[in-house]
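Need coordinates for the following:
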Amino acid sequence: MAGELLFFSADDVRAVLIYDDLIPAMETALARFSDREKGGVVQPVRSTTRVNKYNGVFLVMPAYSEKDNALATKVVSFYPENKAVPTHHALIVLLEPTTGVPKAVMDGEIITAMRTAAASAAVTKGDVSCLQHWSLSFQPRSLKKLSNPYLAPPYPDPSYIGNWCSGPLLTTIGLGVQGCSLILTTAGMAVQRLPFYPATAKLGVQGNCLILTTGWVFGAPSQILTAVGLGVQGFIQILIAMGLGVQDLLSTVGALCKPSPHILAIVGAGVQGHSHYHSLSSIYNFTEVRIASRTLESAEKLVTQVPNGRVCDSVEEAVKGADIIVMATSAMKPLLKADWVKAGTHINAVGACKADWQELDPDLVRSSVLVVDSREAAMVESGDVILSKAEIFAEAGELFQGWKKPQTDQTTIFKSLGIGVEDTVAAKLVYDKILQQRPK
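Predicted coordinates for the structure are as follows:
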């Protein structure tokens, strides 16, 4: 075998993989997957071998992403009746795409847990979340030091305007300094005037984010509120008018959650319950987190990590009134009833991963806006989709591409089975970061 074959343990992966990197990586991966050949992703539906004697499943998940220059396969086992050991075990083999030579074998359990939760977070985050990435929020995690190289001193208090047009903005819409300057200039605010922004514009407050209420964007406050406040479509139209394509908005248009969610409910306090709490809390500040699980022990273990968290005695108690619900169970029969879910709630459903398993009430699935990671996989592997006979509104990647408009006024469901390109892109990200940190 040519070259050194590296091995990365779970600790190695955990040390470098963070949601700030992984969430946008999953957005891009899902968008490219849904773009099929143009997206440069080749990925069959996973191969499944059933181990019926022990109620186990063994899966093989290969994928190639041309634009990421990434080729890998994951082997994963799922034994839902495990008690003393995790229900999932996984390894990923990363290969050199140009030669097929294996480059690294790495633990796949951390990647599986985190990439699934990162994909859910990417699909969940609403329009106000986009603004938080523009640092228009006063939430502590958004307050970073002003570091724009093109702004001259004197600087204002950095905790006030944060980095309004630096890292988060550039990362969110995929633009360099010129693109950022174009946005500010088109908004009627010269780049050199940005430090004096608080003194030159009136501000209104909606939810956690600042909403501009002056009329210097296309001359009408109503257009500002449409573009900046709650409407993705208006935001896209403004950028198109500025000569920017929807492709520049991969990180801002795939949103199923209403702005400013306050209550998170997690049903299933296993590995995915933990990872979803951490991924979603990286983009939202929840005032209350409710946890329901098959065992009190697992629920109490998770709640120790959760500020404002509490253990609930039932699924119904946990989900009633929640803004976001995470279903991360090994249920074979529906646990989440339609009558318990308020209108406009967003649900991330990552359990019930067999064709004859369900964790969602079929009436709930049929009456909601249903989004999946892969239509093909959902119609073969998801009991929640197959048995409910619900219509699939879109793949997540179609939302990120801007081909389908998110429906945040209705109850929404992201039914996620996990797809190979997510593992491949995440493994390449881990490999690159570890090699970057090694001594030259």
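
shaky segments in the chain?
Low-confidence segments of the chain (pLDDT under 70): 1-2, 126-255.

swap the cut-off to 80 and go again
1-3, 37, 126-255, 258-259, 406-408, 440 (pLDDT under 80).

Dump the C-alpha coordinates for the top helix by length along it into CSV.
Longest helix of the chain, by residue count under DSSP state H: helix 420-437. Coordinates of each C-alpha in helix 420-437 appear next as CSV, following Å, rounded to 0.1, in the frame of the first residue of the first chain:
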residue,chain,number,x,y,z
GLY,A,420,-22.9,8.8,2.9
VAL,A,421,-21.8,12.2,1.5
GLU,A,422,-22.2,13.7,5.0
ASP,A,423,-19.8,11.1,6.4
THR,A,424,-17.4,11.6,3.5
VAL,A,425,-17.3,15.4,3.8
ALA,A,426,-17.0,15.2,7.6
ALA,A,427,-14.1,12.7,7.4
LYS,A,428,-12.2,14.8,4.9
LEU,A,429,-12.7,17.8,7.2
VAL,A,430,-11.3,15.8,10.1
TYR,A,431,-8.4,14.6,8.1
ASP,A,432,-7.5,18.1,6.8
LYS,A,433,-7.7,19.7,10.2
ILE,A,434,-5.5,17.0,11.9
LEU,A,435,-2.9,17.3,9.2
GLN,A,436,-2.9,21.1,9.5
GLN,A,437,-2.1,20.8,13.2
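
Please name every helix or strand in contact with that helix.
For helix 420-437, the elements it packs on are strand 6-8, helix 10-16, helix 19-34, strand 56-65, strand 70-78, strand 88-95, strand 102-107, helix 109-124, judged by 3 or more Cβ pairs under 8 Å, 6 or more residues apart in numbering; DSSP states H and E. Bear in mind the C-beta positions are built from the backbone N, C-alpha and C, glycine included.

any chance of these in TSV, with distance to residue 357 too?
Shown next, in TSV, are these (distance: least, Cβ to Cβ, whole Å):
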stretch	distance to residue 357
strand 6-8	32
helix 10-16	27
helix 19-34	23
strand 56-65	11
strand 70-78	11
strand 88-95	15
strand 102-107	26
helix 109-124	16
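
for these, which one ends up most surrounded?
Among the helices and strands packed on helix 420-437, the stretch with the highest mean neighbour count (mean count of other Cβ atoms under 10 Å) is helix 109-124, at a mean of 27.

what's the burial count for residue 370?
25 (other Cβ atoms under 10 Å).

Could you look up the SS state of it?
Recorded secondary structure, residue 370: strand (DSSP: H, G, I helix; E, B strand; the rest coil).

phi, psi of residue 98?
When read as degrees, to the nearest 10, the backbone of residue 98 gives phi -80, psi -20.

Could you check how far it is from residue 428?
For residue 98, the distance to residue 428 equals 14 Å [Cβ to Cβ, to the nearest Å].

and the angle from the longest helix of the chain to helix 19-34?
If you take axes from the mean of the first three to the mean of the last three Cα atoms, to 10 degrees, helix 420-437 sits at 140 degrees to helix 19-34.

Pull out the buried positions in helix 420-437.
For helix 420-437, the neighbour count (16 or more other Cβ atoms under 10 Å) marks 420-431, 433-434 as buried.

just how off-centre is it within its chain?
Centroid separation for helix 420-437 versus its chain: 17 Å, with Cα atoms, centre = their mean, to the nearest Å.

One more: stretch 338-356?
Offset of stretch 338-356 from its chain centre (Cα atoms, centre = their mean): 17 Å.

and residue 410, how many residues sit next to it?
Per other Cβ under 10 Å, the neighbour tally for residue 410 reads 14.

surely it meets residue 345?
No. Applying Cβ atoms under 8 Å, one finds residue 410 not in contact with residue 345, separated by 9.5 Å.

thinking again about what came up before, what is the nearest of the buried residues of helix 420-437 to residue 263?
The nearest member of the buried residues of helix 420-437 to residue 263, counting by Cβ to Cβ, is residue 422 at 27.5 Å.

any idea how far the residue lying closest to the closest one once chain neighbours are set aside lies from residue 354?
The shortest distance from residue 422 to any non-neighbouring residue, by Cβ to Cβ, 6 or more residues apart in numbering, is to residue 115 (4.5 Å). According to Cβ to Cβ, residue 115 stands 20 Å off from residue 354.

which residues sit against stretch 84-101?
For stretch 84-101, contacts defined as Cβ atoms under 8 Å, 6 or more residues apart in numbering pick out 1-3, 64, 66, 69-81, 102-109, 111-113, 270-271, 330, 423-424, 427-428, 431.

show me the contacts for the residue nearest to residue 310 when sequence neighbours are not counted.
Once flanking residues are discounted, residue 310 sits nearest to residue 290: 6.0 Å by Cβ to Cβ, 6+ apart. By Cβ under 8 Å, 6+ apart, residue 290 lies in contact with 263, 264, 265, 266, 309, 310, 312, 317, 318, 319, 322.

possible to save these as CSV with secondary structure and neighbour count?
Below are the contacts of residue 290 laid out as CSV (DSSP: H, G, I helix; E, B strand; the rest coil; neighbours: other Cβ atoms under 10 Å):
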residue, secondary structure, neighbour count
263, strand, 20
264, strand, 25
265, strand, 27
266, strand, 31
309, strand, 19
310, strand, 13
312, coil, 19
317, helix, 15
318, helix, 27
319, helix, 27
322, coil, 25
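
sorry, back to before: these two touch, right, the residue nearest to residue 422 and residue 23?
No. Under the criterion of Cβ under 8 Å, residue 115 is not in contact with residue 23, lying 9.7 Å apart.

from the buried residues of helix 420-437, which single one is nearest residue 414?
Checking the buried residues of helix 420-437 against residue 414 with Cβ to Cβ, the nearest one is residue 422 at 13.3 Å.

Against residue 420, how distant is residue 93?
Here residue 93 is placed at a distance of 12 Å from residue 420 (Cβ to Cβ).

what is in contact with these two at once?
72, 73, 74.

Let me have those residues in TSV, extended by distance to residue 17.
Listed next are the shared contacts of residue 93 and residue 420 as TSV, based on distance: Cβ to Cβ, whole Å:
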residue	distance to residue 17
72	15
73	19
74	15
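
Just name the closest of those to residue 350, please.
The closest of the shared contacts of residue 93 and residue 420 to residue 350 turns out to be residue 74 (Cβ to Cβ; 16.0 Å).

Quickly list what that closest one is bridged to.
Per DSSP bridges, the residues bridged to residue 74 are residue 61, residue 92.
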